[in-house]
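J.: one predicted model, sequence on top.
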Amino acid sequence: MDRNKLYITTTLPYVNAEPHVGHALEFVQADTISRYFKQKLGNENVFFNVGTDEHGLKIYRKAKEEGLSINEFVDKYANRLKDFCKLFFVEYDNFYRTSDESHHKAAQEFWKRCNDKGDIYKKKYSGKYCVGCERFITEKELIDGKCPDHGTEPEEKEEENYFFKLSNYKEHLLNWLDTNPDVLKPSQKIDELKQIINDIEDISISRLRESLPWGIEVPNDPQQVFYVWFDALTNYVNVIGFGTDEKKLNEWWPGIQLFGPDNLRFQGVIWQGMLASVGLEHSQKLLEHGMVLGPDGTKMAKSKGNIISPFDQEEKFGAEIVRFYLLVGISTYADSAYKEDDLINMYNSRLANNFGNLLNRVIHLSKSKGVKINRYELVESDFKSKIDAFKDEIERLYEEYEIALAGEKINELADWGNKYITEREPWSKKLDIKESEVILNNLSYLLNTVIYYYTPIIPQSCKVAKKALLEEEKIILFNKI
RNA sequence: CGCGGGGUAGAGCAGUGGCAGCUCGUCAGGCUCAUAACCUGAAGGUCGUUGGUUCGAAUCCAACCCCCGCAACCA
């Protein structure tokens, strides 16, 4: 890390539906990275942004459907997401909303700069228009040449819109990837990203106000509004001072961006082209997490009845167990099936049997032996260097954003602790008190390390564990399920 | 048809040229400080199929088979 400030952001969920388990994955991953670095660099050196994308026709329609004003509607879903964050201990520093006035101004400023650069032009756009939907429908959306919602054949319609000259940046983006091959995780996806760039075309970035009533006005053209994602993407820099505070912006940008598999094109290509247009650096890191599949290993769908609800899971197991499973139990970057049996297994073996049980063994023994633990000056140097080797490895993994692998390494450390205590038998009557004292202090050092590194993943439990260890208070931290 | 990812022990995965590994589960033994936990050991795999390169292939090459994603509420 060459800077000591770190900016991390999720994508902004579109607020037309309930938060689902995929959001949970992205948010807790981002939260874990944020917590890790806050712990290491200090809170003031990490900025963690989440938020909601609130414009667009779908939202406009959905609000009408629910009989709410647009403002009531977006407030409702934004609050839902805030509650969701609270429920899963996602501790963001800012909750961004694209309906905020400040966002409108910043997005318009972004537009102006792209325009000044000569990257925006007006062009007649022709496409299939569904009268029922009052919008253009892409070829792919059509079913048998008909609108999927209305079952009617769309008509050919022409509309004049603004376009962004993404094609200007084709060579630039390819070059950027060649010189920064590590920017994307997982690395296997780099070819896919390059392929998308190769197929780059200029993209339409506005709509007529009459066909898209809920959007941001294009500068100097009240007839046109931003096409949703063009305004939404700008949030990543707006929130850290774009257009308002250059000094702040330079402090925090470039940042780390998390997103799902369907967003590679937006985050990895379009957004990067937009950044190039306004003369900003590219993102520091693009982290494309895997997709959470249903228990049967296929994509969740209502029709298949394999939907996992994060709210149900929370109610059933508690937020931290769900966090633990999402972060450590499934792969960080590959698609994975969500299986409750695996969740239960993972929790019981790693947290209850391994970590929790070791914590209890050590606290219990220190009490029964009448020995003070947490005196790190008593820790043997051989033992300490063994633990420090684990520390280095765990930090390396966290700093490569390999959350699941870091979690696995932490588990290994606790596992090694259980082997160590069995081998050294601090409970044995053959040992004198001094020897037991050293062994138990070694172990309290180990446990403290485990707690420290588990904290970004399961913050609440670790808080309790830390207190219990410090006050030598016997507890069942993780009840078996 | 195409594009991308993947097929390794019952389950989940690591392993990109040199005697097949990890976690969970199963079985046997041990320990007893602890949450029926913990420790030790064992069983279990023709590494998707076929062919090729090589002294040597899970690993490289070719063809093929199967699964998942790329369209939908959606990360």
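T.: Nice, I can see it. What you see is a predicted model, and the numbers here were worked out from it, not measured in a lab.

J.: burial count for residue A:180?
T.: Per other C-beta atoms under 10 Å, the neighbour tally for residue A:180 reads 13. C-beta: built from backbone N, CA, C; applies to glycine.

J.: how close does it get to residue A:170?
T.: 16 Å (C-beta to C-beta, to the nearest Å).

J.: now do residue A:350
T.: Noted for residue A:350: a distance of 47 Å to residue A:170, by C-beta to C-beta.

J.: look at these two and report which has more neighbours.
T.: Using other C-beta under 10 Å as the criterion, residue A:350 and residue A:170 rank with residue A:350 on top: 22 against 16.

J.: show me the contacts for that one.
T.: With contact taken as C-beta atoms under 8 Å, 6 or more residues apart in numbering, residue A:350 is in contact with A:324, A:328, A:411, A:414.

J.: and the first one, what element?
T.: Yep, that's residue A:324 we're talking about. helix A:319-324 (DSSP states H and E).

J.: next helix or strand past that helix?
T.: With DSSP H and E setting the assignment, the helix or strand that follows helix A:319-324 is strand A:336-337.

J.: okay, and for chain A, where does confidence drop off?
T.: Scanning chain A for pLDDT under 70 picks out A:1-3, A:130-153.

J.: residue of it nearest RNA strand B, please.
T.: Residue nearest to RNA strand B within chain A: residue A:260 (1.1 Å; C-beta to the nearest atom of the strand).

J.: ok, that residue - contacts?
T.: Residue A:260 touches A:11, A:22, A:26, A:288-289, A:291, counting by C-beta under 8 Å, 6+ apart.

J.: now do residue A:451 against residue A:414, distance only.
T.: Here residue A:451 is placed at a distance of 10 Å from residue A:414 (C-beta to C-beta).

J.: so where do the helices sit in the stretch 351-481 of chain A?
T.: Secondary structure of the stretch 351-481 of chain A, counting by DSSP state H, counting those that start in this stretch: helices at A:357-369, A:381-399, A:403-424, A:433-454, A:459-471.

J.: tell me what the third one is packed against?
T.: Which is helix A:403-424. In terms of contacts (3 or more C-beta pairs under 8 Å, 6 or more residues apart in numbering; DSSP states H and E), helix A:403-424 is packed against helix A:21-41, helix A:357-369, helix A:381-399, helix A:433-454.

J.: the first one now?
T.: Judged by 3+ C-beta pairs under 8 Å, 6+ apart, helix A:357-369 is in contact with helix A:403-424, helix A:433-454, helix A:459-471.

J.: wait, which of those helices is closest to residue A:63?
T.: Closest approach to residue A:63 among those (C-beta to C-beta): helix A:459-471, 35.4 Å.

J.: residues in contact with that closest one?
T.: A:35, A:89, A:91, A:319-320, A:351, A:359, A:362-363, A:373-374, A:444, A:447-448, A:451-452, A:454-455, A:473-475, A:477-478.

J.: residue farthest from the centroid of chain A?
T.: Outermost residue of chain A with respect to the C-alpha centroid, by C-alpha atoms, centre = their mean, is residue A:430; its distance is 51.8 Å.

J.: and that one, how close does it get to residue A:424?
T.: 11 Å.

J.: so which of the helices and strands packed on helix A:357-369 is the most surrounded?
T.: Highest mean neighbour count of these: helix A:433-454, a mean of 21 (counted as mean count of other C-beta atoms under 10 Å).

J.: that helix near RNA strand B at all?
T.: No. Between helix A:433-454 and RNA strand B, judged by C-beta under 7 Å from any atom of the strand, nothing touches; the nearest distance is 9.7 Å.

J.: and that helix with helix A:21-41, angle?
T.: 130 degrees (axes from the mean of the first three to the mean of the last three C-alpha atoms, to 10 degrees).

J.: now for the helix holding residue A:324, which elements pack on it?
T.: Secondary-structure packing of helix A:319-324 (3+ C-beta pairs under 8 Å, 6+ apart): helix A:310-317, helix A:340-346, helix A:459-471.

J.: what does it rub up against?
T.: Applying C-beta under 8 Å, 6+ apart, the contact partners of helix A:319-324 are A:24, A:28, A:87-89, A:310, A:313-314, A:343, A:346-347, A:350-351, A:407, A:457-461, A:481.

J.: kindly recompute the last result at 7 Å.
T.: A:28, A:87-89, A:310, A:313-314, A:343, A:347, A:351, A:457-458, A:460-461 (C-beta atoms under 7 Å, 6 or more residues apart in numbering).

J.: was I right about residue A:338 contacting residue A:297?
T.: No. Look at residue A:338 against residue A:297 with C-beta atoms under 7 Å: they stay out of range, at 9.6 Å.

J.: of these two, who's got more company?
T.: Legend: neighbour count by other C-beta under 10 Å for residue A:338 and residue A:297, higher for residue A:338 (23 against 12).

J.: for that one, give me its contacts.
T.: The contact partners of residue A:338, by C-beta under 7 Å, 6+ apart, come to A:21, A:292-295, A:308, A:330.

J.: okay, it and residue A:350: tell me how far apart.
T.: 17 Å.

J.: for the stretch 1-150 of chain A, what lies in contact range of RNA strand B?
T.: So the stretch 1-150 of chain A meets RNA strand B at A:11, A:13-14, A:16-17, A:20-23, A:25-26, A:58, A:140-141, A:148 (C-beta under 7 Å from any atom of the strand).

J.: now, of these, which are buried?
T.: Applying 16 or more other C-beta atoms under 10 Å to these, the neighbour count classes A:11, A:13-14, A:16, A:20-23, A:25-26, A:58 as buried.

J.: from those residues, pick the one nearest residue A:383.
T.: For these, the nearest to residue A:383 is residue A:25 (36.6 Å; C-beta to C-beta).

J.: do I have it right that that closest one meets residue A:325?
T.: No. Contact criterion C-beta under 7 Å: residue A:25 and residue A:325 do not qualify, at 10.1 Å.

J.: what is the neighbour count of residue A:259?
T.: Count around residue A:259 with other C-beta under 10 Å applied: 19.

J.: how about residue A:6?
T.: Using other C-beta under 10 Å, residue A:6 has 22 other residues around it.

J.: and residue A:226, what does it touch?
T.: A:107, A:205-206, A:215-216, A:218.

J.: my bad, residue A:479
T.: Residues in contact with residue A:479 (C-beta under 7 Å, 6+ apart) are residue A:352.

J.: and residue A:83, how far from residue A:18?
T.: Taking C-beta to C-beta, one finds residue A:83 at 11 Å from residue A:18.

J.: scratch that, residue A:260
T.: Computed as C-beta to C-beta, the residue A:260 to residue A:18 distance reads 16 Å.

J.: one more: residue A:11?
T.: 17 Å.

J.: export stretch A:391-401 as PDB, just CAs?
T.: Output in PDB follows, covering the C-alpha atoms of stretch A:391-401 (Å, rounded to 0.1, in the frame of the first residue of the first chain):
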ATOM      1  CA  LYS A 391       0.000 -12.800  11.500                       C
ATOM      2  CA  ASP A 392       2.100 -12.000   8.400                       C
ATOM      3  CA  GLU A 393       0.200 -14.600   6.300                       C
ATOM      4  CA  ILE A 394      -3.200 -13.500   7.500                       C
ATOM      5  CA  GLU A 395      -2.400  -9.800   6.800                       C
ATOM      6  CA  ARG A 396      -1.100 -10.700   3.400                       C
ATOM      7  CA  LEU A 397      -4.300 -12.400   2.500                       C
ATOM      8  CA  TYR A 398      -6.500  -9.600   3.800                       C
ATOM      9  CA  GLU A 399      -4.500  -7.100   1.900                       C
ATOM     10  CA  GLU A 400      -5.000  -9.200  -1.300                       C
ATOM     11  CA  TYR A 401      -8.700  -9.000  -0.400                       C
END
